[in-house]
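Student: Requesting a structural model of the entry that follows:
(chains A, B, C, D, E, F, G, H, I and J)
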Number of protein chains: 10
Amino acid sequence: MISCRSQVTQMIVSAKVRKNLKWTQVAETIGMSKEWTTAGCLGQMAFDKAQAETLGKLFELPDEAVAWLQIVPYKGSLPTSVPTDPLIYRWYELVNVYGSTIKELIHEEFGDGIMSAIDFSMDIQRQPDPKGDRVNVVLSGKFLPYKSY
Amino acid sequence: MISCRSQVTQMIVSAKVRKNLKWTQVAETIGMSKEWTTAGCLGQMAFDKAQAETLGKLFELPDEAVAWLQIVPYKGSLPTSVPTDPLIYRWYELVNVYGSTIKELIHEEFGDGIMSAIDFSMDIQRQPDPKGDRVNVVLSGKFLPYKSY
Amino acid sequence: MISCRSQVTQMIVSAKVRKNLKWTQVAETIGMSKEWTTAGCLGQMAFDKAQAETLGKLFELPDEAVAWLQIVPYKGSLPTSVPTDPLIYRWYELVNVYGSTIKELIHEEFGDGIMSAIDFSMDIQRQPDPKGDRVNVVLSGKFLPYKSY
Amino acid sequence: MISCRSQVTQMIVSAKVRKNLKWTQVAETIGMSKEWTTAGCLGQMAFDKAQAETLGKLFELPDEAVAWLQIVPYKGSLPTSVPTDPLIYRWYELVNVYGSTIKELIHEEFGDGIMSAIDFSMDIQRQPDPKGDRVNVVLSGKFLPYKSY
Amino acid sequence: MISCRSQVTQMIVSAKVRKNLKWTQVAETIGMSKEWTTAGCLGQMAFDKAQAETLGKLFELPDEAVAWLQIVPYKGSLPTSVPTDPLIYRWYELVNVYGSTIKELIHEEFGDGIMSAIDFSMDIQRQPDPKGDRVNVVLSGKFLPYKSY
Amino acid sequence: MISCRSQVTQMIVSAKVRKNLKWTQVAETIGMSKEWTTAGCLGQMAFDKAQAETLGKLFELPDEAVAWLQIVPYKGSLPTSVPTDPLIYRWYELVNVYGSTIKELIHEEFGDGIMSAIDFSMDIQRQPDPKGDRVNVVLSGKFLPYKSY
Amino acid sequence: MISCRSQVTQMIVSAKVRKNLKWTQVAETIGMSKEWTTAGCLGQMAFDKAQAETLGKLFELPDEAVAWLQIVPYKGSLPTSVPTDPLIYRWYELVNVYGSTIKELIHEEFGDGIMSAIDFSMDIQRQPDPKGDRVNVVLSGKFLPYKSY
Amino acid sequence: MISCRSQVTQMIVSAKVRKNLKWTQVAETIGMSKEWTTAGCLGQMAFDKAQAETLGKLFELPDEAVAWLQIVPYKGSLPTSVPTDPLIYRWYELVNVYGSTIKELIHEEFGDGIMSAIDFSMDIQRQPDPKGDRVNVVLSGKFLPYKSY
Amino acid sequence: MISCRSQVTQMIVSAKVRKNLKWTQVAETIGMSKEWTTAGCLGQMAFDKAQAETLGKLFELPDEAVAWLQIVPYKGSLPTSVPTDPLIYRWYELVNVYGSTIKELIHEEFGDGIMSAIDFSMDIQRQPDPKGDRVNVVLSGKFLPYKSY
Amino acid sequence: MISCRSQVTQMIVSAKVRKNLKWTQVAETIGMSKEWTTAGCLGQMAFDKAQAETLGKLFELPDEAVAWLQIVPYKGSLPTSVPTDPLIYRWYELVNVYGSTIKELIHEEFGDGIMSAIDFSMDIQRQPDPKGDRVNVVLSGKFLPYKSY
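Tutor: Numbering: from 1, shown residues only, chains lettered A, B, ... in the order given. Sure thing, here's the model as predicted:
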């Protein structure tokens, strides 16, 4: 009996290690970006029926797990509110150190509102650099103005 | 007597409202990017002597405040570990929902290590879109591999 | 010197008690709903220039405070993450007890996504009832689907 | 051996995925609203004997689970005090941003007291809108005045 | 300028020490119970106009403070979620140790619902006892059944 | 192997549901009050040998569990420091809202010290009331004065 | 205006530094132990009238402060729930590391109950030792058995 | 497979209940104090080979568990940072209420430094008293002065 | 099925106790420092293929575990944000007490930036001392200056 | 009136910025190491009379502040239990990531006990390196074995 999505995530992660797959390969099998596919496999997005069945074959999941992949999950991928993993913490630090800056500059340009984390996409690329390669991340989110009434 | 940088930040923020300045204007006076300048004015970066004096004139700060702008501050711009402001929370949510995804994809491309939050730059732009303009943010951080020894 | 919006909120709240005003009266002076007006006066929304000046006269605020009313505030109106006030706690309890229910039913009807808290309005009314009057609250938020890419 | 209600909730959630049921269908089998039924199935309400037996058949639960459905559960459906799921967080944000506003307006209309979260009902509906459909939620709670003595 | 109720509470507490008053004397001046009066003076209840004016004279409060006493306060009288004061902690301990017992016994007698903390009264008395006097506290709260719909 | 009291509590709670027992019936079998008996069965009190054996028969517990019932348990019956269950929360709210009042009135009557939560008893009764029955709870704790030396 | 005991504590601590007094000297002036006297001066105990007046003279306190010394304070002398000061942390560590041991041994000797922290005294002495002097602390608390009823 | 010391602690605690042993008996078998022995059995100290083997026989532990008893454990015996058990909480309360007093008096006698919680011993005894027996605890810790350099 | 690295860590720790190995021996088998090797075996570093296979033989791990050793783990080796173990707490205390000192002195020597915890090595040695041996730890981290742009 | 050491720390920090002093210069005036001197000036150590007076002249402190410098302070230099400043956080991260490693290796070499944070010294140096200079930190703490008795 599978009673929550995180059990399916564990099955996928375990199969990925056993089969020595890469997320970019996984993304190709369902024809979506590597960012969205990875988020979905890690339990943050819902797949449609065809995608779920393809992933089910790739990771040799039982039917019940394939059904769970089509259900909207309870989201949140970190075990603590301040993350302990150094890579993820650096992102938390960016929010902490630059958060007020981001807020000021978006409001200066757009007025009151937010940058959507739902109507949102992300692209992660390697940028070669003689002083050491860089990670380049492009975040794109729709601006949503606060409604006054 | 000024005993911490946050008092200087309050003076700057207060003067900026009174004088109706924009951060992009402030950035131009010292010839740096709007992102770095705003972070510095909000108490997250140290300025050099010339920059500090220029800002001191712009915001009509006392000499003591100008001295403080050249001291490395105790960083962190948020009052709570999970931010309550909706705009900043959306960024925290991105870290929470996509954190494990970002970690997986950077490790897949680069191996064990982190994306630096120190050797780092950020660029925030408006991207016009007929369905509603978008906020485009480019983050660039050097990849630092874990050292084994 | 005013260095943050909460100082202006305190001025408004203090004046409202001294002058014995009602929020519905305040809302009429600027021609907006009582819900949005109250949220703004309590430091959660930005006013435009005309609204800010009207409120400045009504509450006898200094010019600096009127300028602050037009700046997007750092939002969040509760002093603790779990509120201690009994009325506000009941709302927190609704989120805690019914949160998973709301999530299930919105996903069942709309699929993966959220109900916007930005493109959002609220209407609070008294509903007479012989067994004791009821508080009726209508919440309306745009559904935003998760983007796949 | 079943030793707490959450085990029964897991059985129900698991069966619902396997059998591809909708909460509205579940609600019809026991003749109650979809909101109350879902809350009950997710471990927040107690069912009477007839309802519990109907649900037991629908979800193929063992007798012991049917007995547990009639016991008042330890309530609270969220794993953390600040929810990480984006949909549920938006509701928490409403309480945080609008909490003081709701408090002010209810007190202005009714005096000191609370809006009950017990003598309470909720109705969630889709409201078609050309700019994007909206989620409409009506909350109705009895006003309970503070007793002075 | 008074900007929150807790300033008025401090004025009252300070005056009570200076004038060497007892809460039972305070309660007599407004003709209410000592429990409700003390809670009100400590910033947990709203007074009506006559009561507020009587208290204003007794504690020599400015007019602005008298106006604040008639406003519903933001409630909660403890500085930390687990209280550090030994007397108050013992009450927290009762909730922690006996909480599940109280829940079981009220549900056994009344079914699903709560004991109201709003339609509620409390009476604290000394009970002489040769082995050491006892504190006797009677709590009375209306039972509110959960509504099903 | 049983390695902590909470496993025994789970056995008892599970058996109580299966056998459809009431706590008042359980209390009668060992001749103690319903309040103390329930607290003991929920893992907050230690039973003597005869009581433990009677409960062992009633709930069909293994010998090892009967031995555990005679061991003083690690107490505390709530999973979080601020309880999420609405009924238990109302008690926490009483401590939060009335805690400073209780402290003041006990000190006014008795001087510095506490109301014992150990030399303590509790009695929960239904009080019929035409406007809706009430829960009446009498708490009795010995006053313990602070020792000066 | 003095509105809480901690203001009086600050006056005492400040005077003690200025006048270069020792706690043992302070204790002698009121004829009590150094442990109880220090706790009282640090805001954890209430003094009687004669003691308060003696301390008032010693520390040159205003009359209002002397009145406050006779009021039972809100207790708790640490700013965080896990203390950061190394000396005090060692005591917290003792509770953390040896807490379950202390519990087991007291229950083994006395049965269910507690060691009182109210009917309690403490004596701190230097114990000369050639390998380095030791701090010897004797704690004495009345055993209070849990009441069954 | 045993993967952490707490599994061994559970085996010991479980065996102690089944075999109805006392900690003082356990201590005698290895010839150490009851305080140190209990702390070790509860997973806070490492035993030497002979002690571990004696305990292994007494509690009928597998060889792997005997090996674990000789490994230095990850210490800390309480499940929450503020303990919920009333007996252990009283000790936490002592640290909270008297912590600043203990600090002041040790510094007054010894200067800057700490009382060691490592070079430390404890002795718990019953002290008969006609008004109710008392728990007497003697704590002895080496004073360690802060090093200046 | 292995679904996270911590299961592999448990296998290694368990095998190390059973086989009575030392970390220095483990380090020798893969030809790396004892510090880096221990961190890796405790789930904080990723090994290359040859290292993982050597460790797999040494600790008799299944193939799946050997695959996991080559995956970058989710890092962080402590169960609580403030560690309870006395040895590890002393290190946390160093950060707490000397943190601001370290910050000041590094900034004074290097300007704004950090000492890398990634391009980092550590060496732990025993330093004989007649007054009691000392633990000597050398930490070496690359200085990374904050980038201005 | 100065009522706590942190007020003196603020005076020192403020004077140091105004007078443009370096910590190494401050250390020279009292003839101690830069590490210990800085820690003392930041409120973590007590100075003797001569040192305090020298610092008093250097920073132009009032006599009362000089007296406070000789009092043992309440230690702990960080505002939150997980530090937000990136430089200090890296040290916290070292404790989090390498904490269990440090524990294992010290126990392997020394047996059960701790590395003292009191009988402790620290030396921070710049280590030139063509790939970027490094921060070298040597920590030296006495090993203290756990006492068995």
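Student: Give me the pLDDT value at the nearest residue to A:Thr84 once chain neighbours are set aside.
Tutor: Nearest residue to A:Thr84, sequence neighbours excluded (C-beta to C-beta, 6 or more residues apart in numbering or on different chains): I:Gly76, at 2.8 Å. Glycine gets a C-beta too; all of them are placed from N, C-alpha and C. On pLDDT, I:Gly76 comes in at 95.
Student: Test my guess that I:Gly76 contacts J:Asn96.
Tutor: Yes - using C-beta atoms under 8 Å, I:Gly76 is in contact with J:Asn96, at 5.2 Å.
Student: what is in contact with these two at once?
Tutor: A:Thr84 (C-beta atoms under 8 Å, 6 or more residues apart in numbering or on different chains).
Student: and A:Ala117, what helix or strand is that in?
Tutor: Of the helices and strands defined by DSSP states H and E, A:Ala117 is found in strand A:113-127.
Student: Can you tell me the strand partners of whichever helix or strand comes after that strand and which way each runs?
Tutor: Scanning forward in sequence from strand A:113-127 by DSSP H and E, the next helix or strand is strand A:134-145. Counting by DSSP bridges, the strands paired with strand A:134-145 are strand A:113-127 (antiparallel), strand B:134-145 (antiparallel).
Student: residues in contact with the residue lying closest to A:Lys49 once chain neighbours are set aside?
Tutor: Of all residues not flanking A:Lys49 in the chain, A:Gln70 sits nearest, at 6.2 Å (C-beta to C-beta, 6+ apart). Counting by C-beta under 8 Å, 6+ apart, A:Gln70 makes contact with A:Ala46, A:Phe47, A:Asp48, A:Lys49, A:Ala52.
Student: Which two among those residues are spaced furthest apart?
Tutor: Farthest-apart pair in the contacts of A:Gln70 is A:Ala46 and A:Lys49; separation 10.7 Å (C-beta to C-beta).
Student: neighbour count winner among the two?
Tutor: Set side by side, A:Ala46 and A:Lys49 show more neighbours around A:Ala46, with 21 against 11, by other C-beta atoms under 10 Å in any protein chain shown.
Student: Helix or strand: which one has whatever residue of chain A ends up closest to chain E?
Tutor: The nearest approach of chain A to chain E comes at A:Ser81, 16.1 Å away (C-beta to the nearest C-beta). Using DSSP H and E, A:Ser81 maps to neither a helix nor a strand.
Student: ok, the closest residue to it other than its chain neighbours to chain G distance?
Tutor: With C-beta to C-beta, 6+ apart as the criterion, A:Ser81 has its nearest non-adjacent residue at 5.5 Å, and that residue is B:Val82. Using C-beta to the nearest C-beta, to the nearest Å, we find B:Val82 at a distance of 19 Å from chain G.
Student: Would you report the backbone torsion angles of B:Val82?
Tutor: For B:Val82, the backbone dihedrals (degrees, to the nearest 10) come out as phi -110, psi 110.
Student: what about it, how many neighbours?
Tutor: B:Val82 has 18 neighbouring residues, counting by other C-beta under 10 Å.
Student: what does the one 5 residues further on give?
Tutor: Neighbourhood size, B:Leu87 [other C-beta under 10 Å]: 26.
Student: Which residues lie in contact with A:Glu108 in this structure?
Tutor: With C-beta under 8 Å, 6+ apart, A:Glu108 has these contacts: B:Lys22, B:Trp23, B:Thr24.
Student: Next step: those restricted to helices.
Tutor: Among those, DSSP state H puts B:Trp23, B:Thr24 in helices.
Student: Highest neighbour count among the contacts of A:Glu108?
Tutor: B:Trp23 (21 neighbours).
Student: I'd say it and A:Ile106 touch.
Tutor: No - contact status for B:Trp23 versus A:Ile106: not in contact, 10.9 Å apart, counting by C-beta under 8 Å.
Student: Regarding chain A, what is its longest helix?
Tutor: helix A:86-110.
Student: about what we covered before: reformat the strands paired with strand A:134-145 as TSV; add mean neighbour count and mean pLDDT.
Tutor: Listed next are those as TSV, based on neighbours: other C-beta atoms under 10 Å in any protein chain shown; pLDDT from 0 to 100:
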stretch	mean neighbour count	mean pLDDT
strand A:113-127	19	96
strand B:134-145	21	97
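Student: B:Gly56 is nearest to which of those?
Tutor: Evaluated with C-beta to C-beta, the strands paired with strand A:134-145 place strand B:134-145 nearest to B:Gly56, the distance being 30.3 Å.
Student: Would you mind listing what in chain A touches chain J?
Tutor: Selection of chain A residues close to chain J by C-beta under 8 Å from any C-beta of the partner chain yields A:Val82, A:Thr84, A:Pro86, A:Tyr89, A:Glu93, A:Asn96, A:Val97.
Student: in a helix, that's where A:Lys57 is, yeah?
Tutor: Yes - using DSSP: H, G, I helix; E, B strand; the rest coil, the assignment for A:Lys57 is a helix.
Student: Can you check the pLDDT for it?
Tutor: 98.
Student: Same check on the one 10 residues further on?
Tutor: In this model, A:Ala67 is scored at 96, pLDDT.
Student: in the helix or strand where it lies, what counts as buried?
Tutor: Per DSSP H and E: A:Ala67 is located in helix A:63-69. For helix A:63-69, burial by neighbour count (16 or more other C-beta atoms under 10 Å in any protein chain shown) applies to A:Ala65, A:Val66, A:Ala67, A:Trp68, A:Leu69.
Student: got it, and stretch A:42-53?
Tutor: Neighbour-count burial for stretch A:42-53 flags A:Leu42, A:Gly43, A:Gln44, A:Met45, A:Ala46, A:Phe47, A:Gln51, A:Ala52, A:Glu53 (criterion: 16+ other C-beta under 10 Å).
Student: Tell me how chain A divides into domains.
Tutor: Each domain of chain A is listed here as a residue range: A:5-69, A:86-145, per automatic domain parsing.
Student: For the residue nearest the centre of chain A, what is the enclosing helix or strand?
Tutor: The residue lying closest to the centre of chain A (C-alpha atoms, centre = their mean) is A:Ala39, at 3.3 Å. Per DSSP H and E, A:Ala39 falls inside helix A:34-41.
Student: does chain B sit close to that helix?
Tutor: Yes - Helix A:34-41 reaches chain B (C-beta under 8 Å from any C-beta) through A:Lys34, A:Glu35, A:Thr38, A:Ala39.
Student: Please enumerate residues in contact with stretch A:55-65?
Tutor: Defining contact as C-beta under 8 Å, 6+ apart, one finds that stretch A:55-65 is touched by A:1-2, A:7-8, A:11-12, A:15-16, A:19, A:21, A:26, A:29-30, A:41, A:47, A:66, A:69, D:14, D:17-18.
Student: swap the cut-off to 10 Å and go again
Tutor: A:1-2, A:5, A:7-9, A:11-16, A:18-19, A:21, A:25-26, A:29-30, A:37, A:40-41, A:47, A:52-53, A:66-69, D:14, D:17-18 (C-beta atoms under 10 Å, 6 or more residues apart in numbering or on different chains).
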